[in-house]
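*Asks:* From the sequence below, what's the structure:
(one chain, ligands or ions: 2)
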Amino acid sequence: MKSTKAVKASSPLLPTTTATTITTTTTMISANPPILIATAIAIETATVIVIVTMTGAGFATRFLSLGDLIVSEATDFEVVWRTRSGGPDNLGATFFEPSTTDDTAQGYKVLGYHSQPNNKPFTGRSVLAFDRYLRGNVKAPVDYNYVWSSMYSSDIDQDGFGYIWWPKCLDGYKALGLVVTNATQKPSLDKISCVKVELTEQCEHFNWIWGAEGINVYTTRPSTRGIQAMGVHLGSFVAQVGGVMSDIACLKNTNSDLSSMPTLEQIEPIIKAYSPWVYFHPDEKYLPSSVEWFFENGGLLYKRGDEGNPVPIMPDGSNLPQGGSDDGAYWLDLPADSDARDKVERGDLARAKVYVHVKPMFGATFTDIVTWIYYPFNGPATIKFKFLNINFDHLGQHTGDWEHVTLRVNNFNGELKSIYFSEHSGGTWVDATDIEFQDRNKAAVYASKHGHAFYSKPGLVLDGSDGIGLRNDCEKADLYLDTGFSYTLVSAEYLGTAVVEPPWINYSRKWGPRAAIYIQDEFEKIMKRLPKFLRGPFRNVFYKLPIKTLEEEGPTSIKTKSSWYGDEI
Ligand SMILES: *[C@@H]1O[C@H](CO)[C@@H](O)[C@H](O)[C@H]1NC(C)=O
Ligand SMILES: *[C@@H]1O[C@H](CO)[C@@H](O)[C@H](O)[C@H]1NC(C)=O
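*Replies:* Ligands and ions are numbered 1, 2, ... in the order given. From the prediction side, this is the model:
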C-alpha cells in the first residue's frame, strides 16, 4: 500500500519564498526487509509487525534518521512548573513537558523535559525518538529517583511546587533527561523513555537556566562536538543538587548517518535565506577583499631563510605550499612598495567575497554555515582610559585577518537557531531570538573598527572593566557587505567531491608575518603624552588589559583554526 502525505516545513524564520513543501511517501512494509521509517504506527500482531512509515531522511523533513533511531522534535509543550525569581536576570525559569501529539501517539518517545530561563522568548525543543527497527532500543524506566523539590524552599517565588525526578533505567539503558511534576506522586512510567547505552554519547552541562539554594539547572550538550562527533543535542536539562550533577546522556547518531544534512542544491536557498549583512564602522580604513584580489594586487609569499626573494601568488593560490603545519616556514605579506601596500591595506569592499564552509554539527541534527571574511589588514587598537581615547600607533595591527560568522541551522525544520560571532581569539553565540534581522531573515552583523570583531548590536564594547579597556566600536552606516550576494561555497566535506576546495584553503601557514611586539614601546609613548597625574593610574591598568587578544589569532589560516573541524570555542 502506498500513499503520500505532504508536510509543510513550518519555519517562522524561513522566508516564504524558500519554505519548501516536502512530499514524503508512506509505505507499509513487513518487518523483514530493511525498514525506512517515519510517521510510524507500529501494530504488533502474533505473526507480523506492520509499520507504516514516512521515509524520514532528509533536511527539514521533520523526521531525521540517526541510524538506529528516527527522531523528531516535540512541537507542543505544557507548562508544569514556573518560578518567578532566580536564574538569568532573576526572572525565574519555566519547566515544560512535551505534550502528547501525533508523533507521540505513533510511538515517538519523550526522552527529557525542557526548561528555559524566563528572560528569553520560548525556544523550547525536545527530541523525541522512535525505535525504527523495533529492537528494544527505547524502553520505559523501571522507577524514578527523587532528585529535588521546591516544597521546602520558602524563598522561591513560584507557582505551586516543582518536583524533579531521575528515570531509573534497565541495565544497559541510560536516562537522557529528567521529569518534572507539580505533585508529590512519582510520575507514571510512560512519561519518559531510556535508550540503549550503545545509542548514547557523553553529555555535559552548558548554559545556566536557573538556580536556588542547593540546586542549579543547566542545558546540556554533547561533550565531544565537531564534524566527526555524533553526539546529539536534545534540548533536555540537568540538575545539580548538593553539588551532584544528574547522570544524563546525549543521543548518538549511529553509523554517522548524514542523510539529514542539506544537499548541494539545498545549501543555496539556506544561505540566501539567512546570509548576514556585515556593517562596517563609517571610519573603517581596513575593509575586506576577496583573497584573489589580494593575490592579484601584490600579495607575496615569503619563505624562511629566503626572506629576500618573496614570490607573487597565483590568483587561485595554486603556488602556495599545501598542507603541513603552521610551522613558520612560510608566510604571506602585503606588497613591499608603499603605494601598493596602502592600496591593499584598504581592501576592496565593492568586489569582496565571503567564503562558506558547511559542516554537520551534533550528529548531523544541525548544519553550521560558516561564513569567512578576509581582510588584508587589521588596524591598530584604541584604549579607553577614563575620559580619554588613546590610539595606539601599531599595537593590534597585523597583516591578514580572517573573521567568521557561523549560522547554526536546525536540520529538523530548517530554522535558524543561533549565530556565532567571532571576536578576536574567541567569540559569542547569540540566539536567533536576540538577533536584529533585516530584509526578512538576514542578521545584522557589526564589525568593530580596525579590529573587525563581530557583534550583534552596534555601539561600544569594552574589553576591560570599570570603563577602562580596549575599544570595539561598531556603527550602522552605509558601508556594508551582503554576504548572500558575494559568497563562494569553498568546502563541505560531507558532500564528498561535490565541492572542490580552492588551493589556498590548504595553505596552512600564516596570512601575515609575525607582528613585531610593540607593547613596551607603545606604553612608553602613551605615558609621555599623558598628563602627569594620569601616568600612575595608567601604569596600574595597562598591563591588565587583554592585550593578548590583539595578538596573532587573525592571520592563522582558516583550516588550522580549531573551529574548522570542531565546534566554535
Ligand atoms: C501540573 O502539570 C501538568 C502537566 O503535567 C499541567 O497540565 C498542569 O497545568 C500543571 N498544574 C499547574 C497548577 O501548573
Ligand atoms: C586539501 O586537503 C584535503 C585534506 O588533506 C584534501 O582532501 C583536498 O583534496 C585538498 N584540496 C586541495 C585543493 O588540494
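
*Asks:* Just the pLDDT at the closest residue to ligand 2 within the chain, thanks.
*Replies:* The chain approaches ligand 2 most closely through residue 506 (3.7 Å), counting by CB to the nearest ligand atom. Placement of C-beta: from N, CA and C, glycine included. Residue 506 carries a pLDDT value of 94.

*Asks:* And for residue 53?
*Replies:* 37.

*Asks:* picking up where we left off before, burial check on the residue of the chain closest to ligand 2, number of neighbours?
*Replies:* The number of residues packed near residue 506 is 15, by other CB atoms under 10 Å.

*Asks:* these two touch, right, it and residue 325?
*Replies:* No - the pair residue 506 / residue 325 is not scored as a contact, 12.0 Å apart, by CB atoms under 8 Å.

*Asks:* what's the domain layout of the chain?
*Replies:* With domains defined by automatic domain parsing, the chain comprises 3-252, 264-379+399-511+557-565.

*Asks:* By mean pLDDT, show me the worst of those.
*Replies:* Ranked by mean pLDDT, the domains of the chain bottom out at domain 3-252, with a mean of 81.

*Asks:* burial count for the residue in the chain that ligand 1 sits nearest to?
*Replies:* With CB to the nearest ligand atom as the measure, residue 182 is the residue of the chain nearest to ligand 1, at 3.7 Å. For residue 182, the neighbour count with other CB under 10 Å is 17.

*Asks:* From residue 112, how far out is it?
*Replies:* Distance of residue 182 to residue 112, computed by CB to CB, to the nearest Å: 17 Å.

*Asks:* Kindly report the same for residue 492.
*Replies:* On the measure of CB to CB, residue 492 and residue 112 end up 31 Å apart.

*Asks:* Comparing the two, which residue is more hemmed in?
*Replies:* residue 112 (26 against 21).

*Asks:* Would you mind confirming that that one is in contact with residue 126?
*Replies:* Yes - using CB under 8 Å, residue 112 makes contact with residue 126 at a distance of 6.2 Å.

*Asks:* Between these two, which contacts overlap?
*Replies:* Common neighbours of residue 112 and residue 126, using CB atoms under 8 Å, 6 or more residues apart in numbering, are 177, 234-236.

*Asks:* Which pair of these spans the longest distance?
*Replies:* 177 and 235 (8.5 Å; CB to CB).

*Asks:* Give me the common contacts of those two.
*Replies:* 112, 126.

*Asks:* Between those two, which is the more surrounded one?
*Replies:* residue 177 (30 against 23).

*Asks:* Is it correct that residue 288 is in contact with residue 351?
*Replies:* No - judged on CB under 8 Å, residue 288 makes no contact with residue 351 at a distance of 10.0 Å.

*Asks:* give me every residue that touches the residue of the chain closest to ligand 1.
*Replies:* Residue 182 neighbours (CB under 8 Å, 6+ apart): 80-81, 160-163.

*Asks:* Kindly recompute the last result at 7 Å.
*Replies:* 80-81, 160-162 (CB atoms under 7 Å, 6 or more residues apart in numbering).

*Asks:* cool, and residue 245?
*Replies:* 205, 238.

*Asks:* can you check the one 4 residues further on too?
*Replies:* Under the criterion of CB under 7 Å, 6+ apart, the contact partners of residue 249 comprise 174-176, 200-203.

*Asks:* same question, residue 64
*Replies:* 56, 71, 260, 365, 411-412.

*Asks:* One more pass at 8 Å, please.
*Replies:* Applying CB under 8 Å, 6+ apart, the residues near residue 64 are 56-57, 70-72, 259-260, 364-365, 411-412.

*Asks:* Close to ligand 1: what parts of the chain are there?
*Replies:* Residues of the chain lying close to ligand 1 by CB under 6 Å from any ligand atom are 78, 80, 97, 159-160, 182.

*Asks:* Among the contacts of residue 249, which one is most surrounded by other residues?
*Replies:* residue 176 (29 neighbours).

*Asks:* quick one: it and residue 248 touch, right?
*Replies:* Yes - using CB under 8 Å, residue 176 is in contact with residue 248, at 6.2 Å.

*Asks:* rewinding a little: among the domains of the chain, which comes closest to residue 531?
*Replies:* That would be domain 264-379+399-511+557-565 among the domains of the chain, by CB to CB, at 16.0 Å.

*Asks:* gap between that closest one and the chain center?
*Replies:* 16 Å (CA atoms, centre = their mean, to the nearest Å).

*Asks:* Can we start the residue count at 465 from this point?
*Replies:* With the count now opening at 465, the last piece we talked about shows up as domain 728-843+863-975+1021-1029.

*Asks:* Can you name the residues of the chain sitting close to ligand 2?
*Replies:* Proximity of the chain to ligand 2, by CB under 6 Å from any ligand atom, involves residues 786, 965, 967, 970.

*Asks:* Find the nearest non-adjacent residue to the second one, please.
*Replies:* Spelled out, that is residue 965. Closest residue to residue 965 apart from its sequence neighbours, by CB to CB, 6 or more residues apart in numbering: residue 955 at 5.1 Å.

*Asks:* got it, and the last one?
*Replies:* When the adjacent residues along the chain are set aside, residue 970 lies closest to residue 786, with 4.5 Å between them (CB to CB, 6+ apart).

*Asks:* is the nearest residue to residue 664 once chain neighbours are set aside in a bridge, and if so with what?
*Replies:* Using CB to CB, 6+ apart and skipping the chain neighbours, the partner closest in space to residue 664 is residue 713 (3.8 Å). The partner list for residue 713 in beta bridges (DSSP bridges) reads residue 666.

*Asks:* Tell me the secondary structure at residue 867.
*Replies:* strand (DSSP: H, G, I helix; E, B strand; the rest coil).
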